Structures are given as C-alpha cells and as structure tokens.
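S.K.: return atomic coordinates for the entry below.
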Amino acid sequence: MSQISDFEQLLPILDKHCLSNFDIILNNQMALNIFEYVRSKNIKQEKMCEWFKEITRKEIDNKLLVTLLHRLKLNVAKQRGNKKTALLSQIFYFETRKPKPRKKNFTESDAFKTVAIDLAKELHLKENMQFNRKFENERKMIKKVRKEKKSEIDKLTYKILQQESLIKTLKYNCKKLRVQNGRQICYVAKYKLRIKNLEKNMADKERIDTDKSEQIKNLTTELTTNQTLYSDMVRESLESKALINKIQLELNSSLQTIDYLHLLLQDNKEIDIFDERSHAYTPEFRQVVMRLTSKNVATENVTNVINDSLKLAGKCLKQVPTRKTIDNIVTEKVVVSNVQVGQQLSEKKNTTLYSDETRKFGKTYNSFFISDEQKNIFMLGLREMHNKAASTTLDTLKEILMDISEVCDRNLENNEASHGNQILCNMRDFMSDRAKTNLSFSKILVEYRMQIMPEVIDGWDNFDDEQKDACSKINNFFLWFAPSR
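M.R.: Have a look, this model is predicted:
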C-alpha cells in the first residue's frame, strides 16, 4: 500500500473509499486543504470529522477539530518564508482526550464564542490585508497623479516661459516700431523743409528766367555776327567744292584702273570643281548636283544645265563629270537623306504615317511620309511594288526602314534598337485613303509593331495585355473623296 502525502492524491478517493484502508500522512498542509475544500463545497462539518477519524483512526470532537483548524490557519497566516514551510510540513497533531466537565457558569456557547473570536480575528486580518492593498494602490495612484500634475506644471511653466519670451519680443518690436515712427516723423519734417526750399527755388527760378531773357537778347546779337561768319564759310566751301571735284576726277581714273585689273583677273574662265588633295569633287559641286536633281533635272542633263548656266557668266567647267559620277552623287544624296530622316525621326514621339499608292505606265508605286507634332513632314521613300496587296505594302515599308537602319545603325551599341524600329514604334497615327488595301495594311502594321516592341521598349515582358495593346495601338484616319459631278 503506497503512502498518500498530497491532497491531490487524496481528493479522488474522498467519499468513494474508506480512508482507513489507506496509509495517509496527515500534515498541516493536507489538513488545511481538506478544511478549505469542505468550506468551498459547502460540505457539512460532520462529514469532514468522519474523514479525519478514518485517516487518524481516532475519535475526534467536531467542535474541537474545527477550532484547531481555525487556529492552525491563523498561525500559518502569521508565518513567512521557511518558518511557514516548516509549519505546513509538520504532522497535524491533536489530543483525543475527552472534554473536561463543564463548570456551572460555562455555557454551551463558549466554544462557539471562541470560534467566533477566531473567525473575527481572521476577518480582521483579511480586512487589514485588504486595507493595506487598497492603501498601496491609493499610494501608487497618488504618486501617479503627482507625477502627472508635475508634468502638467512643467508644461505650464514652459508655456509661461514661451509667453514671456513672446511678450519680450513684442515689447522689443513695439520699441523698434516707436523708433521707426520717430524716424518717419523726422523724414516728414525733412520733406516739409525740402518743400519750403523748393518753393524758394521756384522764386529763384523766376528770377533766373528774367536773367535768361536778357541773355537771349545778347545771343541774338551774337547770331547776327555768326551769320556774317557763315557767309564767309560759304565762300570757303565753294572753294572746297572745287577741290572735291578735282579729287573726284582722280578717283574715277583710279576706278578705271581697278576695272582693268579686274578684267585681267577674269581671263581665267575655267572653274575647278575637283579637289586634288582628296581626289573627289568639291562639296559645293555635290550640293549643286543634289539641288538640281531635287528640282526634277535628269541625271544625264545635270552637266549641260551647269555649263549653260556658267556661260551666262562667261565661265565653264574645268572638269566635266561623267554620267556615272552624277549617279553616284544622287545615290549619296539618298544616303544623306536617309541619315537625316533616321536621326530626326528616331527621337520624335507621336508621329503620323502617310501612305499614298498610284499607278503610272502600268506600274504600281507607293510613297510614305511621316509628320511630327510640329507639323514637319519627312519623306521616307518612294518604291515600286509588283502588286497592291497589304502584305506587299508592309514589305515595302520594311525595306525602306531597313535602308534607313543600314546607314544609321553603325554607331549604335549592341543593346540599342535600330533606327527603323524606333521610327515604327514612335508612330501613333496612320492616314490614307479608304481603300480596302489600306484597311488591311493598318491591321498587319499593328501586328508587326507588336513583334518589334520588345526590342525597343524596356520591360515589355512585365506589361499586362492592356498596357501592351495601348502601346501598340495606332489611330487610323481615312480620307473620303466624294465623286466629282
């Protein structure tokens, strides 16, 4: 049979088994636990006495047991630390002697009085402890309130100091304003004095005017004398004019000499258009050829037009360029124009593409133009097409943009998009007539732009479908020509 020394082990067997059959060590801790358990569960004291009788196997008086338990509880409450632990671990001891015979003046309520006194003492002790807790809480609350009041007082003192400093600044400003007001008064006095001086000066001015009138009279007399001097000067000027005529004759003879020398210089009638150092024709001659071809002058007639024009000035070309040289200069003009278009349009946003198709001599031609936001128009090119299909039109546009990229992309780095793709991605509008071919061309143009967008726009793969559609969208404008009547 195992020993039971803890109330937790004893609790399951209460009211279920006879406690005398168990080896129970009844210490003060277990006795108090049983007592508190009975009081909390409202169990009758007779039942508790039966438990103690079964545990101790002794006869116990009910009233005496209750009194002993109350006294034990008071003693435990008075102890602290190790003393309390030692007291609780002691064996619960009580005498089993029979009660002494009562005296005549001893009543049955004396035992209850002692219990009531013990309970009153216990209640008084609890009230004292509760009062101490309340007192401690009130003391903490007072300390907290004092701290808050102190912080509020500090804030109020800080505000008072701020108000005092503000008052000082206001006083200083008032003093400063008084000084300024005094200065303004001084200025007003000075201005009044100046006005008086001006009035005095006006009187002096009138006096001066009278003096000037006298001076004018004197000047008129001087004017008459000057007129006589002027007549003398006119006579001298006539003499000078004769001298000037003589100088003019000498100047005319000098100009004739200059003209003669100029004619001598013009004996060289041939114009040199070839640079021997660079082994190429001069830029001025190239520019003349480019301008003439831009004015629709055929390449085989360029040299004749230049010579005929020079004959008006009595000149001629020293070197006569061949037809192949003129064609090379025209090709150079196309390359230069492609470079200009590529460099200009690759940096311009929101451009408009214009397309126009025509037939001439049984052949189909298509021209492409682009305008920017400033209404500047650039010609991409004019090409011949073998048919009018939308795919052929797109291939022609690709070919033109590829030619521009070939001459402009030489200085680009590896990670930069070509000029042709940049020009195509910068387009926002397309304008043409309402031919079915142009309707189809606008659709496949949008699809082709979608293919090259990842090469031009950074982070294209991170865009959602709506953003991609917005970037690749092209606004179509179709012209409608009413039939003539």
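S.K.: show me the contacts for Y354.
M.R.: 368-371, 431-432 (C-beta atoms under 8 Å, 6 or more residues apart in numbering). C-beta coordinates here come from the backbone N, C-alpha and C atoms, glycine included.
S.K.: could you list which of those belong to helices?
M.R.: Residues of the contacts of Y354 located in helices (DSSP state H): none.
S.K.: buried residues in the host helix or strand of E332?
M.R.: Element membership of E332 [criterion: DSSP states H and E] is helix 323-345. Across helix 323-345, burial judged by 16 or more other C-beta atoms under 10 Å covers 325-326, 328-330, 333, 337-338, 341-342, 345.
S.K.: same deal with stretch 159-168?
M.R.: With the criterion 16+ other C-beta under 10 Å, stretch 159-168 contains no buried residue.
S.K.: ok, back up a step: tell me the helix or strand right after the helix holding E332.
M.R.: With DSSP H and E setting the assignment, the helix or strand that follows helix 323-345 is strand 351-360.
S.K.: check which residues of that following strand are buried.
M.R.: Buried-residue list, strand 351-360, by 16+ other C-beta under 10 Å: 351-355, 357.
S.K.: just send those back as JSON lines, with distance to V145 too.
M.R.: Listed next are the buried residues of strand 351-360 as JSON lines, based on distance: C-beta to C-beta, whole Å:
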{"residue": "T351", "distance to V145": "77"}
{"residue": "T352", "distance to V145": "79"}
{"residue": "L353", "distance to V145": "82"}
{"residue": "Y354", "distance to V145": "86"}
{"residue": "S355", "distance to V145": "88"}
{"residue": "E357", "distance to V145": "95"}
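S.K.: circling back: CSV for the buried residues of helix 323-345, including pLDDT and distance to L14?
M.R.: Supplementary listing: the buried residues of helix 323-345 in CSV, determined by pLDDT from 0 to 100; distance: C-beta to C-beta, whole Å:
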residue, pLDDT, distance to L14
T325, 89, 129
I326, 88, 128
N328, 88, 123
I329, 87, 124
V330, 87, 122
K333, 85, 119
S337, 83, 113
N338, 83, 109
V341, 83, 107
G342, 84, 104
L345, 83, 102
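S.K.: quick one, strands of the stretch 251-400 of the chain?
M.R.: Taking DSSP state E, counting those that start in this stretch as the criterion, the stretch 251-400 of the chain carries its strands at 270-271, 274-275, 280-281, 316-317, 351-360, 363-371, 377-385.
S.K.: tell me if I'm right that N75 and L87 touch.
M.R.: Yes - applying C-beta atoms under 8 Å, one finds N75 in contact with L87, separated by 6.6 Å.
S.K.: neighbour count winner among the two?
M.R.: The residue with the greater number of neighbours, taking N75 and L87 and applying other C-beta atoms under 10 Å, is L87; the counts read 16 against 12.
S.K.: wait, a helix at that one?
M.R.: Yes - with the criterion set as DSSP: H, G, I helix; E, B strand; the rest coil, the secondary structure at L87 is a helix.
S.K.: now the nearest residue to it once chain neighbours are set aside: phi and psi?
M.R.: Leaving aside its chain neighbours, L87 sits nearest to Q79 (5.5 Å; criterion: C-beta to C-beta, 6 or more residues apart in numbering). As for Q79, its main-chain torsions (degrees, to the nearest 10) stand at phi -90, psi 160.
S.K.: before we move on, what about Q374?
M.R.: Its backbone dihedrals place Q374 at phi -90, psi 10, with angles given as degrees, to the nearest 10.
S.K.: do you know how far it is from Q343?
M.R.: For Q374, the distance to Q343 (C-beta to C-beta, to the nearest Å) stands at 16 Å.
S.K.: circling back to that earlier point, from the contacts of Y354, pick the one nearest E206.
M.R.: Of all the contacts of Y354, E206 sits closest to S371, with 74.8 Å by C-beta to C-beta.
S.K.: wait, the residue nearest to L87 touches K73, no?
M.R.: No - under the criterion of C-beta under 8 Å, Q79 lies out of contact with K73, with a separation of 11.2 Å.
S.K.: more neighbours: those two, which one.
M.R.: When neighbours are counted by other C-beta under 10 Å, K73 comes out ahead of the other of Q79 and K73, with 18 against 13.
S.K.: so which helix or strand takes in that one?
M.R.: When elements are assigned from DSSP H and E, K73 belongs to helix 62-78.
S.K.: how many other residues sit next to F35?
M.R.: Summarising burial for F35: neighbours were counted as other C-beta under 10 Å, giving 20.
S.K.: hmm, back to that, reformat the contacts of Y354 as CSV; add pLDDT, distance to A390 and neighbour count.
M.R.: Supplementary listing: these in CSV, determined by pLDDT from 0 to 100; distance: C-beta to C-beta, whole Å; neighbours: other C-beta atoms under 10 Å:
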residue, pLDDT, distance to A390, neighbour count
F368, 91, 14, 19
F369, 92, 18, 16
I370, 92, 19, 20
S371, 92, 22, 16
M431, 89, 16, 17
S432, 87, 11, 20
